[in-house]
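>>> fold the stuff below for me.
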Amino acid sequence: MTDAPVLEAVGISKSYGRVRAVVDVSFDVRPGEILGIVGDNGAGKSTLMNVVSGAIAPDSGHLRVTGRQLTPHTIGQARAAGIEMIYQDLGLSDNLSVVENVFLGREWTGGPAVLPVLRKKAMRVRTQAVLESLGIDLHDMNVLVEGLSGGQRQMVAIARALVAAHEPRVMVMDEPTAALGTSESRVVNDLIVRLRDTGYAVVVISHRIPELLELADRLLVMKGGRQVHHGPTRDLDVERCVQLIVRGAAALERSAG
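Next up, the predicted model:
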């Protein structure tokens, strides 16, 4: 892990009418690091990550990737800068194969421009290589996604992010294990660790506090749209984390007292 952040969020705020969804939140994440984000429902986690992914524009504040400010900030510009977002629903098409999902909307073609031909073999080879680089063996790249387990579907979503047109630097994952059992959650978390060890900066939103404390290098705790903690996970345990989520700044004052 290097000392220079690959992604910096500075003073991000976003309101919807009178509802202040995110209020002056700042954080950073470095290559080879996992940043966990926790908070109760309505804490502003998803809104904050939608700002990071370019899905919504902040009212104030800005983002920097490798020191360069993103202005204006859209989904396309976020991806071009190396930010890939994997949403909780994964956005996969059940009636398409693994390869077709990985390249959905950005298929490789060849031949004349007036009558392009899908480069099916090249896409299959690329998908296989990406999965193998992460220690994943799905055996059949042409199997329909509807026949895959929850953990395998998560792997396909990650593979799709990794074959993006622009080399990803930051992987943002929204509740990657929310719908998974213990064994499949372990597989996905092992994969997240491999992403980190490969040099990616990984941001994980999760409500599974014990799991995230074990997985993440640092933790951002949010309450009511505000950040109430941003620091190494070694400074926290489950009880302390729950206090921050429930009591917010009051928990900090009580600890200081």
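
>>> which residue ranges of this structure form strands?
Taking DSSP state E as the test, the strands found in the chain are 7-16, 19-29, 33-39, 60-65, 68-69, 83-86, 109-110, 117-118, 170-174, 201-205, 218-223, 226-232.

>>> average pLDDT for the third one?
What it means is strand 33-39. For strand 33-39, mean pLDDT rounds to 94.

>>> packing partners of that strand?
helix 45-53, helix 182-198, strand 201-205, helix 209-215, strand 218-223, helix 238-247 (3 or more CB pairs under 8 Å, 6 or more residues apart in numbering; DSSP states H and E). Any C-beta I mention is one placed from the backbone N, CA and C, and that applies to glycine too.

>>> and the strands of the chain: which comes nearest Leu138?
Ranking these by proximity to Leu138 (CB to CB) places strand 83-86 first, at 17.2 Å.

>>> neighbouring contacts of the closest one?
With contact meaning CB atoms under 8 Å, 6 or more residues apart in numbering, strand 83-86 is reached by 7, 49, 52-55, 65, 78, 154, 157-158, 161-162, 164, 168-174, 176.

>>> tell me, how many residues neighbour His139?
6 (other CB atoms under 10 Å).

>>> then Val242?
16.

>>> go ahead and confirm it touches Pro210.
No. Look at Val242 against Pro210 with CB atoms under 8 Å: they stay out of range, at 10.5 Å.

>>> how about the nearest residue to Leu96, chain neighbours excluded?
Of all residues not flanking Leu96 in the chain, Val145 sits nearest, at 6.3 Å (CB to CB, 6 or more residues apart in numbering).

>>> what pLDDT does the model give that neighbour?
Val145 carries a pLDDT value of 87.

>>> partners of Arg218 in the sheet?
Residues in a beta bridge with Arg218, per DSSP bridges, are Leu35, Pro232.

>>> relative to Gly36, how far out is it?
Arg218 sits 7 Å away from Gly36, going by CB to CB, to the nearest Å.

>>> what of Leu48?
Distance of Leu48 to Gly36, computed by CB to CB: 13 Å.

>>> which one's more surrounded, these two?
Of the pair Leu48 and Gly36, Leu48 is the one with more neighbours under other CB under 10 Å, namely 28 against 25.

>>> can you tell me which residues contact the more buried one?
Going by CB under 8 Å, 6+ apart, Leu48 touches 9, 12, 14, 22, 25, 37, 222.

>>> per-residue pLDDT of it, please?
With respect to pLDDT, Leu48 scores 92.

>>> before we move on, what about Phe27?
Looking at Phe27, its pLDDT is 94.

>>> and Asn41, what are its phi and psi?
Backbone torsions for Asn41, taken as degrees, to the nearest 10, come to phi -60, psi 130.

>>> how many neighbours does it have?
7.

>>> picking that back up, do you know how far the residue nearest to Leu96 is from Val238?
Distance, Val145 to Val238, by CB to CB: 35 Å.

>>> these two: who's more crowded?
Legend: neighbour count by other CB under 10 Å for Val145 and Val238, higher for Val145 (20 against 11).

>>> the more buried one and Asp94 touch, don't they?
Yes. Using CB under 8 Å, Val145 is in contact with Asp94, at 5.3 Å.

>>> beta partners of Gln69?
Partner residues in beta bridges with Gln69, using DSSP bridges, are Arg64.

>>> that one contacts Ala81, correct?
No. Using CB under 8 Å, Gln69 is not in contact with Ala81, being 10.2 Å away.

>>> which of those two has more neighbours?
Under the criterion of other CB under 10 Å, the comparison of Gln69 against Ala81 puts Ala81 first, with 21 against 11.

>>> wait, what's in contact with the more buried one?
65, 68, 70, 166, 169.
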